[in-house]
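Peer 1: Task: produce atomic coordinates for the following.
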Amino acid sequence: MSDKAAAVVREYYEALRRGKPLPPYFLESASTTKFGISEAAFGYEAVADALESQTETTTDWSVESHRLSIAEDGAYATFADEVTMAWTDTEAGADRRFDTRWSGTLVRPEAVESGSKTGDTSDDAPAWLFRTMHVSTADEI
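Peer 2: Below you'll find the predicted structure:
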């Protein structure tokens, strides 16, 4: 795995496309949050449950990054992107497609306060973990 935050975000997109486990990309902490198009998850356990459910009930993901912007500052990073994403909802039997905006923060596992778990510590573990992720639609109102 790369030691650059931008590469980890791209690796996350690829894991999403391939239906790979997504929870390892998130910090195991009560402070971890993820806002999706139609849901909000507070705390690592809720985030992991939501991601696992998403993986079980969707297939055929397309994730196209258009404007990935990353700022690394020591052990912390922020990201923003415009992403076209599409998938098949296997429960509803429907194809979904959205133009979305993504933003959030990442942290290097070694910078995490004591009491938080950093997940997988193997060489294959991400060098950065999402502490927050926000995904919203870019539709005009």
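
Peer 1: Would you map the helices across the chain?
Peer 2: Listed from the start of the chain, the chain has helices (DSSP state H) covering 5-18, 44-57.

Peer 1: Just list what the last one packs against, helices and strands only.
Peer 2: The contact analysis (3 or more Cβ pairs under 8 Å, 6 or more residues apart in numbering; DSSP states H and E) places helix 44-57 against strand 33-35, strand 40-42. (C-beta placed from N, C-alpha, C; glycine too.)

Peer 1: 10 Å instead?
Peer 2: Identification of packing neighbours for helix 44-57 by 3 or more Cβ pairs under 10 Å, 6 or more residues apart in numbering; DSSP states H and E yields helix 5-18, strand 33-35, strand 40-42, strand 76-89, strand 129-137.

Peer 1: now the first one
Peer 2: Packed against helix 5-18 by the contact rule (3+ Cβ pairs under 10 Å, 6+ apart) you find helix 44-57, strand 58-65, strand 69-73, strand 76-89, strand 94-107, strand 129-137.

Peer 1: which ones are touching the nearest residue to Phe130 once chain neighbours are set aside?
Peer 2: Nearest residue to Phe130 in three dimensions, chain neighbours excluded: Phe26, at 4.9 Å (Cβ to Cβ, 6 or more residues apart in numbering). Contact partners of Phe26, counting by Cβ atoms under 10 Å, 6 or more residues apart in numbering, are 12, 32-34, 41, 44, 47-48, 51, 106, 119, 126, 129-133.
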